[in-house]
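>>> predicted model follows, preceded by the sequence.
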Amino acid sequence: MTPSARAAAASSDLLPTPRAEDDHSQAPGQLDITVVICAYTEARWPLTQASLASVLAQDPPPNQLLLVVDHNAALAERARREYPRLTVVESDEEPGLSGSRNCGLREAACGVTVFLDDDAAARPGWLSALVGPYSDARVVATGGSVFPVWPAARPPRWLPPEFYWVVGCSYRGLPEETGPVRNPIGASMSMRTAPTRAVGGFYSAVGRVGVKPRGCEETELSIRLSASLPGSLIIYVPESGVDHTVSRERVTFGYFVRRNWHEGQSKAMVVRLAGADAGLERERRHVLAVLPRAILNELRRAVTGEPSAAARAGATVVGVAAAASGYVVAAARLGLSGTRGQG
């Protein structure tokens, strides 16, 4: 059976389960779960079909599955035609990923809302592992591992694993065991619905619009969500895995530089909204501890005769420089000189 057929056959079971409020006392097996997949282009339709099928194959499946289409009437019509039992929602929020996610969050009928990228396919056990931490009432959000599916079956030899976040995937430097983090990776994450709505959802000025390589919308929201509920936790669950397709244009060195530049720009916006202490907490550790160690290790490999190691060391330096430059330019524009603490 094709992914399209499986999704159409199973979607009749994914009826909304209305809830007035989040119930923080529920065990994982009792949680009502909405999964939101946001899509914006027909060019990724086969990947979106695989994403839908992977959600419907979860055991147990979610209570509700929403496909939110970002201002693309042709794509919405195609989805309704091929998946007549699927709930397809046309976003009326601002164009871009943050707007689509906010639309999905608004339409979610369950206590926990899960977000899965339209070019990511969930592995077996993904959903149950991702929502498992909600047995602890302090947990307000979770995130899982995002494994890259490379266009040439392997990563570019010059791309450092510490920079896999550039292509939206888990990277070297993340925790190896389940535990607290500042924010999840956006391709696979979940949040308690009511508190996330209460703080206003995703801030559209931060996130991605179309193919412009911005980011950090989940970072900014996570900081705001945690601040609104003192003592709350955001948990990274490595065993909750998805396979994220990496397009060919994202494995070029030009994209690498642009993505780092825009990440710096996005981080400046996060600092403006959340303050430097929260906005740059993880980045400081990554730049001051993880990346220097990575450069030294790559240089050692280069000395022993591995040519690509020197390229990875060089890419690390270029990536840091591009991100720093983007941040400095945006910080000057936003007037962030000397910003610290919550702002």
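Good, I have the coordinates.

>>> mind naming the longest helix for the protein?
The helix that spans the most residues within the chain, counting by DSSP state H, is helix 307-334.

>>> in that helix, what's buried?
309, 311-313, 315-316, 318-320, 322-323, 326-327, 330-331 (16 or more other Cβ atoms under 10 Å). Heads up, the C-betas are built off the backbone N, CA and C, glycines and all.

>>> average pLDDT across it?
Mean pLDDT, taken over the full extent of helix 307-334, equals 93.

>>> quick one: list the elements packing against that helix.
Under the contact definition 3 or more Cβ pairs under 8 Å, 6 or more residues apart in numbering; DSSP states H and E, helix 307-334 sits against helix 253-274, helix 291-303.

>>> could you identify which of the ones you listed is most buried?
helix 253-274 (a mean of 21; mean count of other Cβ atoms under 10 Å).

>>> are there helices or strands packed against that one, and which ones?
helix 217-228, helix 276-279, helix 307-334.

>>> returning to what we had before: the longest helix of the chain versus helix 291-303: what angle between them?
150 degrees (axes from the mean of the first three to the mean of the last three Cα atoms, to 10 degrees).

>>> let the chain start at 61 from now.
With 61 as the first residue, the last one maps to helix 367-394.

>>> next, the angle helix 313-334 makes with helix 367-394.
Taking the same axes, to 10 degrees, helix 367-394 and helix 313-334 form an angle of 40 degrees between their directions.

>>> adding distance to E167, write the helices and strands packed on helix 313-334 out as TSV.
Conversion of the helices and strands packed on helix 313-334 to TSV gives the following (distance: least, Cβ to Cβ, whole Å):
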stretch	distance to E167
helix 277-288	17
helix 336-339	29
helix 367-394	33
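
>>> still on that earlier bit, which of the helices and strands packed on helix 367-394 has the lowest mean pLDDT?
That would be helix 313-334, which, of all the helices and strands packed on helix 367-394, carries the lowest mean pLDDT at a mean of 87.

>>> now distance to D119 too, for the helices and strands packed on helix 367-394, in CSV please.
Listed next are the helices and strands packed on helix 367-394 as CSV, based on distance: least, Cβ to Cβ, whole Å:
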stretch, distance to D119
helix 313-334, 36
helix 351-363, 38
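
>>> so which of these comes closest to F262?
For the helices and strands packed on helix 367-394, the distance to F262 is smallest for helix 313-334, at 11.9 Å, taking Cβ to Cβ.

>>> check which residues of the host helix or strand of A254 are buried.
Applying DSSP states H and E as the criterion places A254 in helix 253-258. Neighbour counts using 16+ other Cβ under 10 Å place 253-257 of helix 253-258 among the buried residues.
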